[in-house]
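Q: Provided below for reference: sequence and predicted model.
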Amino acid sequence: MKTGIQTILIAMAFLGLNAAYAEPPSKIRIGFSTTLTGDGAISGQEMKNAAILANELIAHDAFEIIFEDERCLGAPAASAAQKLISIDKIEYAVGFFCNVSLLSAAPLYQKAGIPIISTVATTMDTADVGKDVYRLFPADQLSIPPLYKYVASRYKRVAILAEEDAYAQMLKKEFVRINSLSPTALTLIVEDYQFAGIDFRSQLTRLKGNEVEAIFISSATEPSFIRVVKQMHEMGLSPAIVGVYTPVSDIAIAELGELIEGAVAATLPDLTARSSQKRATELLSQYRNRFGDPKSAFPVIPTTLEGFRLLYVATQSQRSVGEVMRDPIVNLDSLIGPYSIDKYGAIQGLEFVLKKVTNLKPLILPAAGN
């Protein structure tokens, strides 16, 4: 009898020991693709930091995040997708800073049945890119109508200097398209420059000869924009500067100082301030305490936090990403304020505003000033 009791006790101890050393529940694997090198690295690093913070504070470390550098290029983004799908066996793809990266990688994720939450990149002027591609930034071309209205009410001869990047080129084309429909069309002088270029003298010389009143610098990133403005100053070219996002970024203002005073940009409002959730402000404060003040021209931090909130709700409730993102009850807790998701997966309800650099601060222009 004693032997039987001893056997039972030993078995129980063995089972308890095994339980103590049992592996914790496996985490959900997420592929996070963004640009971590090159001109877009400022924004990409902020996205990565926000993802790390969100996983800890929103998702309670439910996710194993595998970061990949898309480098703002299609081929690296596709290669990263192939690795994340075939080697890392991810269940969801999140992130994406550059539109070309999203568009290049999306077909691979779709073929593998992996839902995408793009926290920054859009599909530009292609609304329907297929199933399960959800975007938290509004379509980029929607920034152009308010910007064009502002420019057309003040100037007649306008230059467009556009980076050879899909996003920057699309903004240029949309500006030209709207101008072509105007009964009082502007005189446009259009020049392109190499992606991530450093020398713009030949383009700027031609623009200087045309005596333009304003210049729309359509750049993909802040460093590119800053280089253009500095070279304009060196060449004695000083038209009014307009753009999308980059002219009113903190980093552009810090780098350029008085050179950027008076610049106007179409951009998004403070997304954290749009939210009714106290948590949104607290999370941004925690981001600042840990990683420093945001520098990107694009509000990548709040949208990345929101993307993780949505993904966490979806995985915890065992619902699809699309179902969760379209649920008005889930939207009540939004970290970027109210919005909806249309049938194509695109966000609706975020409107562009105009901001002007005034005394080296980006201030929203009143509607009447548009």
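A: Sure, I can see it.
Q: Distance check, the residue nearest to Pro223 when sequence neighbours are not counted against Gly197.
A: Nearest non-adjacent residue to Pro223, counting by CB to CB, 6 or more residues apart in numbering: Asp39, 4.4 Å away. Backbone N, C-alpha and C define where each C-beta goes, glycine included. Using CB to CB, to the nearest Å, Asp39 is found at 10 Å from Gly197.
Q: which of the two has more neighbours?
A: A count of neighbours by other CB atoms under 10 Å puts Asp39 above the other of Asp39 and Gly197, at 24 against 16.
Q: check contacts around the more buried one.
A: Shown in contact with Asp39 (CB atoms under 8 Å, 6 or more residues apart in numbering): 72, 196, 220-224.
Q: Let's see that with 10 Å instead.
A: 71-72, 163, 165, 195-197, 219-227 (CB atoms under 10 Å, 6 or more residues apart in numbering).
Q: Strands - which of these land there?
A: Among the contacts of Asp39, the members falling in strands (DSSP state E) are Glu163.
Q: Show the contacting residues for Val129.
A: 102-103, 106-107, 110, 116, 122-123, 135, 344-346.
Q: So it: helix, strand or coil?
A: Under DSSP: H, G, I helix; E, B strand; the rest coil, the three-state class of Val129 is coil.
Q: Where does the residue nearest to Pro223 fall, secondary structure wise?
A: Using DSSP states H and E, Asp39 is not contained in any helix or strand.
Q: how close does it get to Ile251?
A: 12 Å.
Q: do Ala367 as well
A: Distance from Ala367 to Ile251, by CB to CB: 27 Å.
Q: Neighbour count for these two, which is higher?
A: Ile251 (18 against 9).
Q: helix/strand/coil for the residue lying closest to that one once chain neighbours are set aside?
A: Counting by CB to CB, 6+ apart, the nearest residue to Ile251 once its immediate chain neighbours are dropped is Lys295, at 4.5 Å. What three-state DSSP gives for Lys295 is coil.
Q: Which residue ranges of the chain form helices?
A: 2-20, 41-57, 74-86, 99-111, 144-152, 166-181, 201-209, 222-234, 250-256, 271-274, 278-291, 300-317, 321-325, 328-331 (DSSP state H).
Q: which one of the ones you listed lies closest to Pro338?
A: helix 328-331 (6.5 Å; CB to CB).
Q: can you tell me the average pLDDT over the closest one?
A: Confidence for helix 328-331, expressed as mean pLDDT, is 95.
Q: buried sites along it?
A: Across helix 328-331, burial judged by 16 or more other CB atoms under 10 Å covers 330-331.
Q: now do stretch 116-126
A: So stretch 116-126, judged by 16+ other CB under 10 Å, has buried residues 116-124.
Q: what's the answer for stretch 131-148, then?
A: 132-141, 143-144, 146-148.
Q: neighbouring contacts of stretch 268-286?
A: For stretch 268-286, using CB under 10 Å, 6+ apart, the contacting residues are 50, 53-54, 56-58, 136-138, 143, 245, 294, 298-299, 301-303, 305-306, 309, 332-339, 349-353, 355, 364.
Q: Buried ones among these?
A: By 16+ other CB under 10 Å, the contacts of stretch 268-286 give 50, 53-54, 57-58, 136-138, 143, 245, 294, 298-299, 301-303, 305-306, 309, 334-337, 339, 350, 352-353, 355 as buried.
Q: residues contacting Lys208?
A: Lys208 makes contacts with 159, 201, 232, 235-239, as judged by CB under 10 Å, 6+ apart.
Q: Among the residues you listed, name the buried ones.
A: Buried, going by 16+ other CB under 10 Å: 159, 232, 237, 239, out of the contacts of Lys208.
Q: Which per-residue confidence value corresponds to the third one?
A: Listed pLDDT for Leu237 reads 95.
Q: and it, how far is that from Tyr150?
A: Remark: distance between Leu237 and Tyr150 (CB to CB) = 21 Å.
Q: just the first one next, same as before
A: With distances taken as CB to CB, Ala159 is found 16 Å from Tyr150.
Q: got it, and Tyr344?
A: 29 Å.
Q: and what of Gly130?
A: As judged by CB to CB, Gly130 and Tyr150 stand 35 Å apart.
Q: Show me which of those two is the more surrounded one.
A: Tyr150 (20 against 14).
Q: so the more buried one touches Ala263, yeah?
A: No. Using CB atoms under 10 Å, Tyr150 is not in contact with Ala263, being 11.7 Å away.
Q: Common neighbours of those two, please.
A: Contacts common to Tyr150 and Ala263, judged by CB under 10 Å, 6+ apart, are 242, 356.
Q: ok, now which ones touch Val158?
A: With contact taken as CB under 10 Å, 6+ apart, Val158 is in contact with 148, 151-152, 175, 179, 186-190, 210, 212-216, 239-240, 242.
Q: So what's the residue count around Glu70?
A: For Glu70, using other CB under 10 Å, the count is 32.
Q: May I have the predicted confidence score for it?
A: With respect to pLDDT, Glu70 has a value of 93.
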